[in-house]
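In: Predicted model follows, preceded by the sequence.
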Amino acid sequence: QVPLAESGGGLVQAGGSLRLSCAASGRTFRSYAMGWFRQAPGKEREFVSGIRLSSAVTYYADSVKGRFTISKNNAKNTVYLQMNNLKPEDSAVYYCANKIGYDPNWYGGYDYWGQGTQVTVSS
């Protein structure tokens, strides 16, 4: 089991910002990629953003492009999701996930998941 610990969720007004963190082990940071997903009540889990850990190549869902930024800090084994100009439809539980081996599919194939952190955006 690869421990992934998300933090940084909370309640924010529309237009505000939050930064989510996903703390991982050093071994995790030698794997292929990390991703952020979210799941709102009654909806399926959806991909938000991903980052390849060696190249730092990033990818975003269209719904968050230009508002969210994914980044990593190798020294802290942590991946971040900076979320700006938040909208009520961004409200969800946000999960980070780890992909061990090579798989260029951003949307699936993740091996380990964190417990999630709640983000609520009020209108």
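Out: Happy to help now that I have it. Numbers count the residues shown, from 1 in each chain.
In: With adjacent residues omitted, what lies nearest to the residue minimising distance to the centre of the chain?
Out: When CA atoms, centre = their mean is applied to the chain, the residue found nearest the centroid is residue 36 (2.3 Å). Nearest non-adjacent residue to residue 36, counting by CB to CB, 6 or more residues apart in numbering: residue 48, 4.4 Å away. Backbone N, C-alpha and C define where each C-beta goes, glycine included.
In: neighbours around that neighbour, how many?
Out: By other CB atoms under 10 Å, 24 other residues sit near residue 48.
In: Next: the one 5 residues further on.
Out: Residue 53 has 20 neighbouring residues, counting by other CB under 10 Å.
In: any idea which element the residue nearest to residue 36 lies in?
Out: Using DSSP states H and E, residue 48 sits within strand 46-52.
In: in that strand, what's buried?
Out: Of all the residues in strand 46-52, those buried under the rule 16 or more other CB atoms under 10 Å are 47, 48, 49, 50, 51, 52.
In: quick check, nearest of the residues you listed to residue 58?
Out: Of all the buried residues of strand 46-52, residue 51 has the smallest distance to residue 58: 5.0 Å, by CB to CB.
In: So for stretch 5-20, first residue to last residue, what's the gap.
Out: End-to-end distance for stretch 5-20, by CA to CA, to the nearest Å: 10 Å.
In: And stretch 38-51, by the same measure?
Out: First-to-last distance for stretch 38-51 - CA to CA - comes to 16 Å.
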